[in-house]
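Novice: Everything below, folded, please.
(2 chains)
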2 protein chains.
Amino acid sequence: MGKVLTSRNDDYAQWYNDLVIKADLAENSAVRGCMVIKPYGYAIWEKIQAELDRMFKATGHSNAYFPLFIPKSFFSKEAAHVEGFAKECAVVTHYRLKNDKDGKGIIVDPDAKLEEELIVRPTSETIIWNTYKNWIQSYRDLPILLNQWANVVRWEMRTRLFLRTTEFLWQEGHTAHATMEEAVDETLTIVDLYARFAEDFMAMPVIKGTKTETERFAGAVETYSIEALMQDGKALQSGTSHFLGQNFAKAFDVKFTDKTGKLNLVWATSWGVSTRLMGALIMAHSDDNGLVLPPKLAPFKVVIVPIYKGKDQLEGLSETALRIKQELENENISVKFDDRDTHKPGWKFAEYELKGVPVRLALGPRDLENGTVEIARRDTLEKQTIPQDNIAGYIKNLLEDIQQGIYNKAFKFRKENTFEVDDYKEFKEIINNKGGFVLAHWDGSTETELKIKNETKATIRCIPLDTIDEEGKCILTGKPSKRRVLFAKAY
Amino acid sequence: MGKVLTSRNDDYAQWYNDLVIKADLAENSAVRGCMVIKPYGYAIWEKIQAELDRMFKATGHSNAYFPLFIPKSFFSKEAAHVEGFAKECAVVTHYRLKNDKDGKGIIVDPDAKLEEELIVRPTSETIIWNTYKNWIQSYRDLPILLNQWANVVRWEMRTRLFLRTTEFLWQEGHTAHATMEEAVDETLTIVDLYARFAEDFMAMPVIKGTKTETERFAGAVETYSIEALMQDGKALQSGTSHFLGQNFAKAFDVKFTDKTGKLNLVWATSWGVSTRLMGALIMAHSDDNGLVLPPKLAPFKVVIVPIYKGKDQLEGLSETALRIKQELENENISVKFDDRDTHKPGWKFAEYELKGVPVRLALGPRDLENGTVEIARRDTLEKQTIPQDNIAGYIKNLLEDIQQGIYNKAFKFRKENTFEVDDYKEFKEIINNKGGFVLAHWDGSTETELKIKNETKATIRCIPLDTIDEEGKCILTGKPSKRRVLFAKAY
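Specialist: Here you go, the predicted model:
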């Protein structure tokens, strides 16, 4: 098996697509813009889900499930929301098919037209707040801290596997609070949670910040996001947490009686991450040989490949391999033993490199004699022969090293590709040629933001939360600015 | 809090609906036929999912995800399938809304009509076999053992929470095999797995069998099901496993090269259980006080209710309660400590009875003095005061007792309500008045089956797998029969 991927330098977009396909993560389906998530890709998503779900529950959230369909009229209730979401969406207009009289197969039955069209949810604020209206009467009913794991549909014209698909999988949290302070706290709790997940599990450093008005969620008062830098110098928004104020409570008339007996509107947040995280994970770490997975999200952390001639040799090797497998599994390290005789070791090596398995063990007849095993780590491609004794302890440490090493590499890359720029010419040059994050002053106006976007394709990814107040001049207009904001071209 | 449920004797259907609503399991949404699964109901579904998922993986299956939408033309490809599934379904015809010129809000944009309508999946055989076509070339690519957790939509005219809803959640397994034997084995493996899950986790005895031709899945060669008996004497089909033969391989032209180089059609199975299991779980065990949950599926197994006057007393009780909670959690027993001061102990007792929490501990000042705690088990409503020492061990055993006790009760009920009948008059009398399972001889013809159905509303639930060959005469026609089949009225 030779190189199966286009190299990143030759064509980054093609490299990404090749990798998603060849590593068996996902593929395009027969339905325009909808993907099939293949078992290996889905196993990574399951790891992501499990960890996030644990984190949501640890912070007091429960899961629930709301309908796939939303009555069309619900979208009109929140003015900003309808502009952002009700346009490019899948519309259900009929509920029956029938056999064509002329024998042309099945057709939509014109008699089965819905009185009101249903929209396949692009996001669920409207149907959920319409439900919360019945759940909330008193302060005793608050807070409501719910999440749902669901599929959503946004009719995208240009799609890319994981990054932008018509249907995608996500979680959407929707919380209701008695006070503004509590809702803002919740919004921040979640953006922190997302950042912790990205850094600790995806090994992907992120910058937390608030969105400008133009980039804000439709219906939000404030949108927080985490932004990651991909290897091609483009930013990828990896999660958002919205403080919705009382907008949805107003739209759906959701009020509660407080302790003093007064009627108040409820405060809201919503937040989500999606299968887009898969795209981020792939692009943040992988190389021209294939996927590089942080051990914490790898479907299996170790693969054992026996190197043998003939059935007898395999039997001897299998005994040792299965013993090692058991020792590792006793330490909660997931292991695949690939003893298939349909493929040669070299093919398997390339295959598991392509699939990003963090650690590969190769075991041959000489290893049996010497009591050794050859270890290869995926991130650095380094090989080493070590004794079989205490292999579980060794690999446990190695996996921690790899997890940390992948993070450090991504952190270093981001550091080397983050620029403080005070001159618009230099700004344009960096954005056009190098890419990366550019921290620059901005006068705070939408006009300036859009002009910069039109001229350079760079957008303000966020106003970083941990920015240092610093007097400066807007890179475009020279008007005064109090802090730098984060610019980049983005996915 | 008085009785909040209609009693089962007064109105079983109303009792069920009351219970689902009052125990906070689910409710109807603003979208006709679609339900909202509330956090407590969803927590039970999560337990069901987790266990089934573990069982699927333990039998070699992986999860994947296929699109929500299916092109209309796909349904026409398998003749029987289209008859069964493509009729009552949600049809997406447009992909955009726009603002009405006359200011009437948003309308469907007539310019955004899809060339080919998309059907919201009622089941995914067609889109999956269209995908498998590209995945399968050689015997090396087989078997494919996949499952997906997904939402599906079937446009039901009469809906009931969990039992029959327009949108529901389910898992659907879709496997591909090189030989008929392997596919039949898989079908049987899964029906066994479903039965084991129903009995060991839901504490619900089931009868495994094959469906008659009229009740078979649209496109299947053979359908196996598990059938459970509800307390009102009606049967509930709780899971199905289909041997699909080569029907879908033919329809989508899926062939593989076998070891001899010959091209063959692939063999298929599909199988599923849904949120309907929630309905089964509720109806199998619950009583007029509310839900009765088998401990293995309870969101929390134990609730501790402190009985106190004033803050000082609560503090003393809390210390002991939290110590007991910790002891139980150390044994992996989930516990809720309800120290809310907004509700009285009596209210809480009724609430947790309604919600089916298997074990309730009540702790008052006298218990502190005596080192005791009052235990109430939900299934029998028995109370007992026991020492706090070694409470974890005691409750561990108690939970096992409850799990087994609930199963035994349901098993006894089924036994007492299963009748061997050889006379059509008696058959009608039992079906009409008592309900229950009726084992009777049938001549094997669809005509007879439908006549019995029309006259009695009883259907053949299945031809039991563990039936004993026995010569007899059809209950309706007197024609010879080789075995009894299982009749019942059904949900």
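Novice: how about the helices in the stretch 101-250 of chain A?
Specialist: Under the criterion DSSP state H, counting those that start in this stretch, the stretch 101-250 of chain A carries helices at the ranges A:125-135, A:180-200, A:247-252.
Novice: and chain B, which of those helices is closest to it?
Specialist: Put simply, out of the helices of the stretch 101-250 of chain A the one that sits nearest chain B is helix A:125-135, at 5.5 Å, with distance taken as C-beta to the nearest C-beta. Backbone N, C-alpha and C define where each C-beta goes, glycine included.
Novice: what residues does the closest one touch?
Specialist: The set of residues that contact helix A:125-135 without belonging to it, under C-beta atoms under 8 Å, 6 or more residues apart in numbering or on different chains, is A:66-67, A:70, A:74-75, A:77-78, A:81, A:121, A:141, A:144, A:146, A:174, A:176, A:219, A:244, A:248-249, A:251-254, A:266, A:268, A:270, B:29-31, B:36.
Novice: mind listing which of those residues are in strands?
Specialist: Residues of the contacts of helix A:125-135 located in strands (DSSP state E): A:70, A:144, A:146, A:174, A:176, A:244, A:268, A:270, B:36.
Novice: right, and the first one touches residue A:116 too?
Specialist: No: the pair residue A:70 / residue A:116 is not scored as a contact, 10.4 Å apart, by C-beta atoms under 8 Å.
Novice: The two: who's more crowded?
Specialist: In this comparison of residue A:70 against residue A:116, neighbours counted by other C-beta atoms under 10 Å in any protein chain shown, the higher total goes to residue A:70 at 29 against 11.
Novice: In contact with that one, which residues are there?
Specialist: A:118, A:119, A:120, A:121, A:124, A:126, A:127, B:31.
Novice: center of chain A, which residue is that?
Specialist: When C-alpha atoms, centre = their mean is applied to chain A, the residue found nearest the centroid is residue A:277 (1.4 Å).
Novice: just checking, that one is part of a strand?
Specialist: No: counting by DSSP: H, G, I helix; E, B strand; the rest coil, residue A:277 falls outside a strand, being helix.
Novice: do you know how far it is from chain B?
Specialist: Distance check for residue A:277 against chain B: by C-beta to the nearest C-beta, to the nearest Å, it reads 14 Å.
Novice: Which pLDDT value belongs to that residue?
Specialist: Listed pLDDT for residue A:277 reads 98.
Novice: about what we covered before: go through the helices of the stretch 101-250 of chain A and name the closest to residue A:347.
Specialist: helix A:180-200 (33.9 Å; C-beta to C-beta).
Novice: okay, that closest one in PDB with CA atoms only?
Specialist: What follows is the C-alpha trace of helix A:180-200 in PDB, where atoms were taken according to Å, rounded to 0.1, in the frame of the first residue of the first chain:
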ATOM      1  CA  MET A 180     -30.000  37.200  34.100                       C
ATOM      2  CA  GLU A 181     -26.900  36.500  36.300                       C
ATOM      3  CA  GLU A 182     -27.700  32.900  36.500                       C
ATOM      4  CA  ALA A 183     -28.200  32.600  32.700                       C
ATOM      5  CA  VAL A 184     -25.000  34.500  32.000                       C
ATOM      6  CA  ASP A 185     -23.200  32.200  34.400                       C
ATOM      7  CA  GLU A 186     -24.600  29.100  32.600                       C
ATOM      8  CA  THR A 187     -23.500  30.500  29.300                       C
ATOM      9  CA  LEU A 188     -20.000  30.900  30.600                       C
ATOM     10  CA  THR A 189     -20.000  27.500  32.400                       C
ATOM     11  CA  ILE A 190     -20.700  25.900  29.100                       C
ATOM     12  CA  VAL A 191     -18.100  27.800  27.000                       C
ATOM     13  CA  ASP A 192     -15.600  26.800  29.700                       C
ATOM     14  CA  LEU A 193     -16.800  23.200  29.600                       C
ATOM     15  CA  TYR A 194     -16.400  23.100  25.800                       C
ATOM     16  CA  ALA A 195     -12.900  24.600  26.000                       C
ATOM     17  CA  ARG A 196     -11.900  22.000  28.600                       C
ATOM     18  CA  PHE A 197     -13.200  19.200  26.400                       C
ATOM     19  CA  ALA A 198     -11.400  20.500  23.300                       C
ATOM     20  CA  GLU A 199      -8.100  20.900  25.200                       C
ATOM     21  CA  ASP A 200      -8.200  17.800  27.500                       C
END
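Novice: residue ranges with poor pLDDT in chain A?
Specialist: A:1-3, A:86 (pLDDT under 70).
Novice: wait, what's in contact with the residue of the stretch 201-350 of chain A found nearest chain B?
Specialist: Scanning the stretch 201-350 of chain A for the residue nearest chain B gives residue A:342, at 5.8 Å (criterion: C-beta to the nearest C-beta). Contact partners of residue A:342, counting by C-beta under 8 Å, 6+ apart, are residue B:140.
Novice: same check, this time on residue A:98
Specialist: Applying C-beta under 8 Å, 6+ apart, the residues contacting residue A:98 are A:106, A:107, A:108, A:109, B:87.
Novice: Verify the contact between residue A:33 and residue A:163 for me.
Specialist: No: with contact defined as C-beta under 8 Å, residue A:33 does not reach residue A:163; the gap is 11.8 Å.
Novice: related to what we said a few turns ago, my understanding was that the residue nearest to the centre of chain A contacts residue A:48; is that so?
Specialist: Yes: using C-beta under 8 Å, residue A:277 and residue A:48 qualify as a contacting pair, with a distance of 5.9 Å.
Novice: Can you work out which residues contact both of the two?
Specialist: Each of residue A:202 lies in contact with both residue A:277 and residue A:48 under the rule C-beta under 8 Å, 6+ apart.
Novice: Would you agree residue A:37 is in contact with residue A:29?
Specialist: No: under the criterion of C-beta under 8 Å, residue A:37 is not in contact with residue A:29, lying 9.8 Å apart.
Novice: Who has more neighbours out of the two?
Specialist: The residue with more neighbours, out of residue A:37 and residue A:29 and counting by other C-beta under 10 Å, is residue A:37; that gives 27 against 23.
Novice: what about the nearest residue in space to the more buried one that is not next to it in sequence, how many neighbours?
Specialist: Distances taken as C-beta to C-beta, 6 or more residues apart in numbering or on different chains place residue B:65 nearest to residue A:37, at 4.0 Å, with adjacent residues excluded. By other C-beta under 10 Å, the residues close to residue B:65 number 23.
Novice: My read is that residue B:65 contacts residue A:36, right?
Specialist: Yes: when contacts are counted by C-beta under 8 Å, residue B:65 is listed as touching residue A:36 (7.0 Å).
Novice: returning to what we had before: got the contacts of residue A:70 as TSV, with distance to residue B:347 and neighbour count columns?
Specialist: Putting those into TSV (distance: C-beta to C-beta, whole Å; neighbours: other C-beta atoms under 10 Å in any protein chain shown) gives the following:
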residue	distance to residue B:347	neighbour count
A:118	39	24
A:119	41	26
A:120	41	26
A:121	36	24
A:124	32	22
A:126	34	28
A:127	31	26
B:31	33	21
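Novice: Could you let me know which of those residues ends up closest to residue A:156?
Specialist: Where those are concerned, and distances follow C-beta to C-beta, residue A:156 has its nearest neighbour in residue A:120, at 13.2 Å.
Novice: still on that earlier bit, so which strand or helix has the residue of the stretch 201-350 of chain A closest to chain B?
Specialist: With elements delineated by DSSP states H and E, residue A:342 resides in a region that no helix or strand encompasses.
Novice: now do residue A:90
Specialist: With the criterion set as DSSP H and E, the secondary-structure element containing residue A:90 is strand A:88-99.
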